[in-house]
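>>> Sequence plus predicted model, see below.
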Number of protein chains: 2
Amino acid sequence: MIKPKAISWFYENLPDAQIIEDKFKEIISKNYSLSGFTPLDTPNIERVETLTSKWADDNEIYGIKRLKAEGEEKNDFELWLRFDLTVPLARYVAQYEWELDFPFKRQHIAKVYRWERPQKWRYREFYQADVDIIWNAKLSLFADVEILSTIYNSLKELNFWDFVININNKKLLVWFLESLEVDEIVKTISIIDKKDKVKSIVPMLEELWLKEEQISEILTYINLSEVRTSREILEYFSDINNETLIEWVKELKYVYENLVNLWVDDRFLKINPSISRGLNYYTWTVFETFILWAEELGSISSWGRYENLTSNFSKNSYPWVWGSIGLSRLLSVLNNIWKIELWAKTVSKVLVLNMWEENLTSNLQIVKTLRNLWINTEIYLDSDAKIQKQIKYADNKKIPFVIIQWQDEIKEWVFQLKNLLKWEQKELKIKDIEKKILGILL
Amino acid sequence: MIKPKAISWFYENLPDAQIIEDKFKEIISKNYSLSGFTPLDTPNIERVETLTSKWADDNEIYGIKRLKAEGEEKNDFELWLRFDLTVPLARYVAQYEWELDFPFKRQHIAKVYRWERPQKWRYREFYQADVDIIWNAKLSLFADVEILSTIYNSLKELNFWDFVININNKKLLVWFLESLEVDEIVKTISIIDKKDKVKSIVPMLEELWLKEEQISEILTYINLSEVRTSREILEYFSDINNETLIEWVKELKYVYENLVNLWVDDRFLKINPSISRGLNYYTWTVFETFILWAEELGSISSWGRYENLTSNFSKNSYPWVWGSIGLSRLLSVLNNIWKIELWAKTVSKVLVLNMWEENLTSNLQIVKTLRNLWINTEIYLDSDAKIQKQIKYADNKKIPFVIIQWQDEIKEWVFQLKNLLKWEQKELKIKDIEKKILGILL
């Protein structure tokens, strides 16, 4: 006998939590499609050459090998599990560059794999929900607006009322540090990026030999988005008389205003000039999204622009804008902190009781009619089970409606429809199912 | 520069084929849900102990290891990629046996991994679409009816008009061989199972030292379903006066008749007493489904019953009935033999042209209104592109509708809606979008 055990840090759901996860996926995917992002899947596995491009952190990667590998195969890992959805996308775009139509807008909601030291809210297999726009030409700033509004629509329909999307044009931050005459800009940015994770970034800045006034200016700058509204920040930068800066602020303003034109409610948006996402390869607008009552979760959704996605694979240049919702982490937090209400354990809406063999044909007619009306319906599988047991099954799984046809009702072509939530009951005629039942069930 | 290349025998789609694959998944999943099979996912990866139960063929399995594995980890594979959806299900049911409600009906449409020698229609990563019923008690014969009718509904809605579901009670075949006094029943069954794959099974039967009359009887038996209708076969067996046989034929008849009660069209059903599925562990009803114009494909959907799913993991006994559609293989055949019509390369239904910066706000209002009506809509990303280029983009991707708002139309709050398929055009008022557009687009 083997002890049944899933792998640690690889999560799986009980049926009620799975229904919530699927609902989340469905809502996100529907919103991605509404903006014209077409679903596209790639294999979970890539060749080593593909993954060992500049993005990879070897430490996090799972290698794959045929168990009965022979000869040379035996030594090295030639295949790896994907650790994100972006590297495979870069490979895909380069591989099919002559068959794809650009701009190429795709969505991908799928699992990725990262070995990480065990820590809260981190899994080793988890879902990401990405949207990407790739072009073989200059990618207009409107692409950023599209990605951002699409992510916003998804989060909005998921009924979070307390998230804030922080947006920034990273060039502002670089300009600011240059104007302060900071030497080690990249290092300083990566310290600023840690500001929400540590008590104070001052000791780290001091280690870089920054002067007291520089540090004080940096702290004021970081605080800007706390003390000013987004429009005030745009004005603040517009007032600084600097030609290049004017151009960049105009870009940020363009993104902000077109988001508002796309009915993004501006209380969910914050221009935050200190957001950097740390990573070097994001060159332009960046965002991070936090849920206010769950800041310990970190950013639940991020976004960035990269000047050339496929530089490792193709001579041609493909600018790329990307946004992503960290689906598994979000769900785990909802289940753990917010205690999301888990309810039904099945997709069934109706259980038809199955009590007398001679009623079976008539019961099946009811089942079939309901399924033809696109109502998820099951019939209890065992006609020997007592009525209490059958109803308890519906009750346990939270199937809202139960249909009983008593033994003698078969002659009169009627049956009883019971609402288990309200404990109401109605008699219906079989020939009236189509007419009457949708109004009751939906 | 790295040559971009996916792994051999790991398939991936271009956008138009992906849309078909997703449509197939959606139709199958919807039909599975209609019968109350709730989606449930498990990790792609399991522990070695879980997979090395009696089902596994080591030869086919991929091992997984952290690339930077240290110490003892370095030597053995502790994790494997799942090669089917059933072994993980058995582990799951045993692990959560006190938290699940039985009968447990689940669906799972997901990828599995098998290393196989390269051959036509076989991939190393492919989708299976499973439905399962598991109970912690006797699982009534009606479970087989439910699985089978659910698979039938899915294939029917996928618009195959030429498939045949062959069903059998495997006990009939065993009884028949026993009555012939065949010694090596298991071996004989596995030869019969090969009947569609080889020219003649006679030489193989001769190798088992079967007598000429025995072989001739076997051939007649195999041919039964060719020369008799399903009802005639049921009568043929009923006429043989044998008490046990009568019981088994009654079971087969029960499945057949209840399928017809669930409106399964009997021209898609064939009672075929020679179907065995070769494998030892299926004990009762079995089926195989063939597409008539693509028999070289082999069975596209199979099904079986197993008396105890979790025997390796739990002291309790869980009978199980299972059905599956081989989604990836089916799709590959459709694309290759049937030349399925690939059409749109995007989910977008409308492209709003984007030509004058001063029209952008008004264009975005149109975009947003359409998205609010659940119409997948995109706006062309580059306002500098010429109108011909923007329309060509819609045409290439087969976006059926294009909206243009000419520069001066903004004042009159009107725009033009063009149907690219019919080359028709209509002028609409912005305030009438909600009223008018659904009727035109849908």
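Nice, thanks for sending it over. From a predicted model like this one, the values you see are computed outputs, not experimental measurements.

>>> From now on I want contacts and neighbour counts done on CA atoms only, so please keep to that.
Fine.

>>> got any ranges where the stretch 251-400 of chain A has weak pLDDT?
Residues of the stretch 251-400 of chain A that meet the criterion pLDDT under 70 lie in A:277-286, A:296.

>>> Nearest to chain B within it, name that residue for me.
For the stretch 251-400 of chain A, the residue closest to chain B is residue A:376, as judged by CA to the nearest CA, at 3.9 Å.

>>> Am I right that residue A:342 is in a helix?
No: in this structure, residue A:342 is coil, not part of a helix, as judged by DSSP: H, G, I helix; E, B strand; the rest coil.

>>> Chain neighbours aside, what residue packs nearest to it?
In space, and not counting its chain neighbours, residue A:342 is closest to residue A:16: 5.7 Å by CA to CA, 6 or more residues apart in numbering or on different chains.

>>> Can you list the buried residues in the helix or strand hosting that neighbour?
Applying DSSP states H and E as the criterion places residue A:16 in helix A:15-34. Using 16 or more other CA atoms under 10 Å in any protein chain shown as the test for burial, helix A:15-34 gives A:15-21, A:24-25, A:27-34.

>>> what sits up against it?
A:38-39, A:107, A:109, A:129, A:131, A:150-151, A:153-155, A:157-158, A:331, A:342-347, B:38-41, B:347-348, B:371, B:374-378 (CA atoms under 8 Å, 6 or more residues apart in numbering or on different chains).

>>> which SS class is residue A:132?
From three-state DSSP, the assignment for residue A:132 is strand.

>>> and if you look at residue A:399?
coil.

>>> Tell me how many other residues crowd it.
Around residue A:399 sit 26 other residues, with neighbours defined as other CA atoms under 10 Å in any protein chain shown.

>>> dump the residue contacts of it.
A:344, A:346, A:348, A:349, A:350, A:351, A:420.

>>> and what of residue A:318?
Neighbours of residue A:318 in contact, by CA under 8 Å, 6+ apart: A:134, A:135, A:136, A:137, A:307, A:308, A:309, A:310, A:311.

>>> again with residue A:166
So residue A:166 contacts A:269, A:270, A:271, A:272, A:275, A:287, A:288, A:289 (CA under 8 Å, 6+ apart).

>>> Also within reach of chain B: list those from the contacts of residue A:399.
A:346, A:348 (CA under 8 Å from any CA of the partner chain).

>>> Would you show me how to pick out the buried ones of the contacts of residue A:399 in ChimeraX?
Remark: buried members of the contacts of residue A:399, expressed as a ChimeraX selection using 16+ other CA under 10 Å:
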select /A:344,346,348,349,350,351,420
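
>>> Could you dump the contacts of residue A:399 into JSON lines and include secondary structure?
Formatted as JSON lines, the contacts of residue A:399 follow (three-state DSSP):
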{"residue": "A:344", "secondary structure": "coil"}
{"residue": "A:346", "secondary structure": "coil"}
{"residue": "A:348", "secondary structure": "coil"}
{"residue": "A:349", "secondary structure": "coil"}
{"residue": "A:350", "secondary structure": "strand"}
{"residue": "A:351", "secondary structure": "strand"}
{"residue": "A:420", "secondary structure": "coil"}
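
>>> Distance-wise, check the closest residue to residue A:182 other than its chain neighbours relative to chain B.
Nearest residue to residue A:182, sequence neighbours excluded (CA to CA, 6+ apart): residue A:210, at 7.3 Å. Counting by CA to the nearest CA, to the nearest Å, the gap from residue A:210 to chain B is 37 Å.

>>> quick one on the thing from earlier: and the contacts of residue A:399, which is closest to residue B:96?
residue A:346 (16.0 Å; CA to CA).

>>> what pLDDT does the residue lying closest to the closest one once chain neighbours are set aside get?
In this structure, residue A:346 finds its nearest non-sequential neighbour in residue B:38, 5.3 Å apart by CA to CA, 6+ apart. For residue B:38, the pLDDT comes out at 97.

>>> Contact partners for residue B:38?
So residue B:38 contacts A:15, A:345, A:346, A:347, A:348, B:32, B:105, B:106, B:107 (CA under 8 Å, 6+ apart).
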